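> Please work out how this folds:
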Amino acid sequence: MARFLRPLLRGTTYTRLLHLWVPLLVVSLWLFVDPSTPWVPALVLVPVGLIPAVRQGEGVQARLLLTPGEETSGISEAPSATWRDRWRTVLWLEARMILGSAGALATVWLPAIAFDLARLGVGGVPGGIPLLDTARPYWAYALLVPVPLIALYGAVVGFGELITALARRLLGPSAAERLAALEERTEQLLERTRIARELHDSIGHALTVAVVQAGAARAAGNAEFTDRALAAIEETGRSALEDLERVLGVLRESRQPVRGRPTLADADRLLESARASGAKVDAEVTGPLETVPAPVSREGYRILQEALTNVLRHAGAVPVRVRVAVADGMLGLEVRNPLTAATPGPGRGSGLRGIRERAALLGGSARTGPDRGDWQVHAELPVR
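Sure thing, here's the model as predicted:
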């Protein structure tokens, strides 16, 4: 019983009933002017529904009254963009008027019928309901009082569910709107993935450098070396904090343009950080690096950062050869270091997977793994 009466305790039931009643204000006004032509309001709705902004207004009203509090109501609040949307709006307006009229009749006449049945059951006379105007008082009529009340319950809840389903169908997003929403969602997922990679590369690099420097300083037992190690940790930590603040700014302001992301022009900072951590870095840059597009240069920087981080994390202070070359419309990145037992396998680690994914997103390729006694990270990215 409680489950049966639960809809009567929801506010949505009554906001939907209010939504059904709203069109009757116009109908009632017209019937007061000319009751002989009740079809005129329905005719006027045709040109009204063809106005693009009407669909937007109906969508806002439907979301507020039919689906209050629902984040994904399935009802669009955009103006009509195509003729198909306009005709769907016309159909919605006509259906809303018909259902509103039926709902209003039910909510007025059914309680009146229940009241007249109750009066007949206790010996009174009916109040003018055409269905009961010739009935004579009789106690058995009281037993029929629940029937119109149950019908009223079904009308209030049923018409509300029906008008909501029609709103989702006729005021729902068009194919173009669904495609736009899907593209926006895809962009959001790509942005989250990119931010995850940014944090992994930047913070991972900073922590790796800090751990390596701290361990080397403790083992060296030299005050001068310790000072250099602390300076390198400070510089790397400051850079990581800047990256973290920038990424958090993007998260706080989703539409804020991304600024200040490092590119290969800032690669010297990475190389000096690796050298300060004890790695013997032999770097060579050839070709017009300034002609590389910014997105490619930024991803190239992150690939180089992750490659050097892996060297420091798994191989330690070993010789590292870095080659960056721009030629024939391609940006080539290669990082090689002597293969050690601690070096991860070619398929493990989110960093290595991130390198391959970055290259693939730009239409390039990357391979990581052992090569002629070295561990190699080799990436090729198109720059045209």
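> Report the secondary structure state of residue 325.
strand (DSSP: H, G, I helix; E, B strand; the rest coil).
> Hmm, I typed the wrong one, I wanted residue 377.
Going by three-state DSSP: residue 377 is strand.
> Now do residue 241: how many residues are near it, please.
Neighbour count for residue 241, taken as other Cβ atoms under 10 Å: 13. C-betas here are computed from N, CA, C, even on glycine.
> Over to residue 268?
By other Cβ under 10 Å, neighbour count at residue 268 equals 11.
> Could you do residue 88 as well?
Residue 88: 19 surrounding residues under other Cβ under 10 Å.
> What confidence value was assigned to the closest residue to it other than its chain neighbours?
Distances taken as Cβ to Cβ, 6 or more residues apart in numbering put residue 170 closest to residue 88, at 4.9 Å, once the chain neighbours are dropped. With respect to pLDDT, residue 170 scores 90.
> Helices of the stretch 201-350 of the chain, start to end?
223-252, 267-276, 294-310, 350-361 (DSSP state H, counting those that start in this stretch).
> looking at those helices, which is buried most?
Highest mean neighbour count among the helices of the stretch 201-350 of the chain (mean count of other Cβ atoms under 10 Å): helix 294-310, with a mean of 23.
> avg pLDDT for that one?
So the average pLDDT for helix 294-310 ends up being 85.
> Just list what that helix packs against, helices and strands only.
The contact analysis (3 or more Cβ pairs under 8 Å, 6 or more residues apart in numbering; DSSP states H and E) places helix 294-310 against helix 175-220, helix 267-276, strand 319-327, strand 330-338, helix 350-361, strand 374-382.
> now for the last one, which elements pack on it?
Under the contact criterion of 3+ Cβ pairs under 8 Å, 6+ apart, the helices and strands touching strand 374-382 comprise helix 294-310, strand 330-338, helix 350-361, strand 365-371.
> about what we covered before: now render the helices and strands packed on helix 294-310 as a markdown table, adding distance to residue 241.
A markdown table is the format used below for these (distance: least, Cβ to Cβ, whole Å):
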| stretch | distance to residue 241 |
| --- | --- |
| helix 175-220 | 8 |
| helix 267-276 | 14 |
| strand 319-327 | 25 |
| strand 330-338 | 25 |
| helix 350-361 | 20 |
| strand 374-382 | 26 |
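> what ranges of the protein fall below the confidence cut-off?
Scanning the chain for pLDDT under 70 picks out the ranges 1, 127-128, 176, 179-184, 186-192, 194-202, 205, 242-260, 341-350.
> So what sits opposite residue 371 in the bridge?
Beta-bridge partners recorded for residue 371 (DSSP bridges): residue 374.
> Does it touch residue 336 like I think?
Yes: using Cβ atoms under 8 Å, residue 371 is in contact with residue 336, at 7.4 Å.
> For those two, indicate the residue with more neighbours.
A direct count of neighbours by other Cβ under 10 Å for residue 371 and residue 336 places residue 336 higher, at 21 against 14.
> who's in contact with the more buried one?
320, 321, 371, 374, 375, 376, 377 (Cβ atoms under 8 Å, 6 or more residues apart in numbering).
> Closest one of those residues to residue 98?
Taking Cβ to Cβ as the measure, residue 98 lies nearest residue 377 of the contacts of residue 336, at 68.1 Å.
> Tell me the spacing between the closest one and residue 355.
Separation of residue 377 from residue 355 (Cβ to Cβ, to the nearest Å): 6 Å.
> can you check residue 323 too?
Residue 323 sits 16 Å away from residue 355, going by Cβ to Cβ.
> now do residue 315
16 Å.
> same question, residue 50
For residue 50, the distance to residue 355 equals 55 Å [Cβ to Cβ].
> Residue 21 now?
Relative to residue 355, residue 21 is positioned 62 Å away (Cβ to Cβ).
> what comes into contact with the helix or strand hosting residue 44?
For residue 44, the element it lies in under DSSP states H and E is helix 40-49. Outside helix 40-49, the residues that touch it by Cβ under 8 Å, 6+ apart are 26-27, 30, 34, 54-55, 86-87, 89-94, 97.
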